[in-house]
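1. Below: sequence and its predicted model.
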Amino acid sequence: MSTLYYQGESKFFVAVDCILIGFDNRELHVLLYRRSFEPLKGSWSLMGGFVREGESVSQAANRVLTDCSGVDNLFMEQVGVYGEITRDLGERVISAAYYALVNMASIDVDTLKAHDAVWVKITELPELIFDHEQMIKDSIAILQRKAATHPIGFNLLPEKFTLPQLQTLYEAIYQAPLDKRNFRKKINSMNILEKLEEKDKSSSKRGAFYYTFNKEKYDDLLNKGVCFSL
């Protein structure tokens, strides 16, 4: 195959930056780490890396996410491509950003320590390198739109959860209070939750029943043309 067409064209670095989002203590968090190399060594950064020979961009993002979290097959979607000429102080780097959702408790503390990584509230972000703050803002905007029509929020919760925990999660996603009665009416009308004979009594003597998300029922709704809506 002739390569003459490509001769003389400029070559750039292609990278991925990963916005790993978790939920804890009524707020969304994002995983950050202190950059260990120049330029801007010691500054706060998203997890990322360059696309390697023989892997696609999405494979590179999945590799970075698995490496920094220790969890396989996270929910992941592309946020966008960031390519301002001066965005990286080292070289011309075009970056594809991906956001992923994870139950924070599923990430081992030793894994975080190995990367010098910490969870930070999205409402208390430190100064970040390059355009990483914009990547986070864009990710949250996509998450808010997606959560209204797809049950992706359940990726942020443990396997069993209470309805107050579920409502608190969606209030954190939308960054706004939700009417308790309307929220429960909507979520119960879709019949995608399984009620367990077990209660969380950490916040009251009466306690709140635990539920689990039933993906089979959700898939059945999709097949019938019924959409998730919150």
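-> Nice, thanks for sending it over.
2. Flag every buried residue along the longest helix along the chain.
-> Counting by DSSP state H, the longest helix found in the chain is helix 132-147. By neighbour count on 16 or more other C-beta atoms under 10 Å, the buried set for helix 132-147 is H132, Q134, M135, I136, D138, S139, I140, I142, L143, K146, A147. Every residue, glycine included, has its C-beta placed from N, CA and C.
3. do stretch 212-225 as well
-> Under the neighbour-count criterion of 16+ other C-beta under 10 Å, stretch 212-225 has T212, F213, Y218, L221 buried.
4. Within its sheet, name the partner strands of the strand ranked longest in the chain and how each one runs.
-> Using DSSP state E, we find that the single longest strand of the chain is strand 13-24. Take DSSP bridges as the rule and strand 13-24 pairs in its sheet with strand 27-34 (antiparallel), strand 47-50 (antiparallel), strand 93-101 (parallel).
5. which stretches of this structure have low pLDDT?
-> Applying pLDDT under 70 to the chain picks out residues 1-2.
6. Go again with 80.
-> In the predicted model of the chain, residues 1-3, 202-205, 226-227, 230 satisfy pLDDT under 80.
7. can you pull out the helices in it?
-> Using DSSP H, helices in the chain cover 57-69, 109-114, 132-147, 163-174, 180-189, 215-223.
8. Could you dump those into JSON lines with distance to A100 added?
-> Shown next, in JSON lines, are the helices of the chain (distance: least, C-beta to C-beta, whole Å):
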{"stretch": "helix 57-69", "distance to A100": "5"}
{"stretch": "helix 109-114", "distance to A100": "15"}
{"stretch": "helix 132-147", "distance to A100": "9"}
{"stretch": "helix 163-174", "distance to A100": "15"}
{"stretch": "helix 180-189", "distance to A100": "24"}
{"stretch": "helix 215-223", "distance to A100": "18"}
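9. Which among these is found nearest to T86?
-> Nearest to T86, of all the helices of the chain, is helix 132-147, at 14.0 Å by C-beta to C-beta.
10. so what's C227 up against?
-> Each residue near C227 by C-beta atoms under 8 Å, 6 or more residues apart in numbering is listed here: T149, L221.
11. and with 7 Å instead?
-> Contact analysis of C227 by C-beta atoms under 7 Å, 6 or more residues apart in numbering lists T149.
12. I'd say A172 and R26 touch.
-> Yes: between A172 and R26 there is a contact at 6.2 Å, judged by C-beta atoms under 7 Å.
13. Between these two, which has more neighbouring residues?
-> Ranked by neighbour count (other C-beta atoms under 10 Å), A172 and R26 place A172 first, with 21 against 11.
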